[in-house]
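> build me a structure from this.
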Amino acid sequence: MRVAQAIDLAEADTPDVALLDVNVHGETAFAAAEALNRQGVPVGFASGYGGAGLPAEWSQAPVLQKPFTRDQLAAVLERLAAQGKGFNG
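Below is the predicted model:
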């Protein structure tokens, strides 16, 4: 998927939560995260660099360090779901 596609999807439908890879084909996913956030979708990130390099406005967002286990993924998704609508990175 590309960032533009993620933005289109965010505007067409509202998922319960979103976990975005920070780097998507050489682009950062922050524009997609902002589009999702405007819809009230809790957003987290997956990255091989952990939270390093996240913009200040997303510094409190959950980050899933790659590589990750199924249990780590489940924990981050549960954390996002617990935030409910309106999380503001």
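> just give the closest residue to Ala46, not the sequence neighbours.
Leu64 (4.4 Å; CB to CB, 6 or more residues apart in numbering). The C-beta positions use only the backbone N, C-alpha and C, and glycine is treated the same way.
> tell me where the longest helix sits in the protein.
helix 70-83 (DSSP state H).
> how about it: buried residues?
For helix 70-83, the neighbour count (16 or more other CB atoms under 10 Å) marks Val76, Leu77, Leu80, Gln83 as buried.
> pipe those residues into a markdown table and attach distance to Pro42 and pLDDT per row.
Converted to a markdown table, the buried residues of helix 70-83 look like this (distance: CB to CB, whole Å; pLDDT from 0 to 100):
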| residue | distance to Pro42 | pLDDT |
| --- | --- | --- |
| Val76 | 10 | 96 |
| Leu77 | 10 | 96 |
| Leu80 | 4 | 95 |
| Gln83 | 4 | 89 |
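> nearest to Asp16 among those residues?
Leu80 (8.2 Å; CB to CB).
> need the contact list for the closest one.
Val17, Ala18, Leu19, Pro42, Val43, Gly44, Pro62, Phe87 (CB atoms under 8 Å, 6 or more residues apart in numbering).
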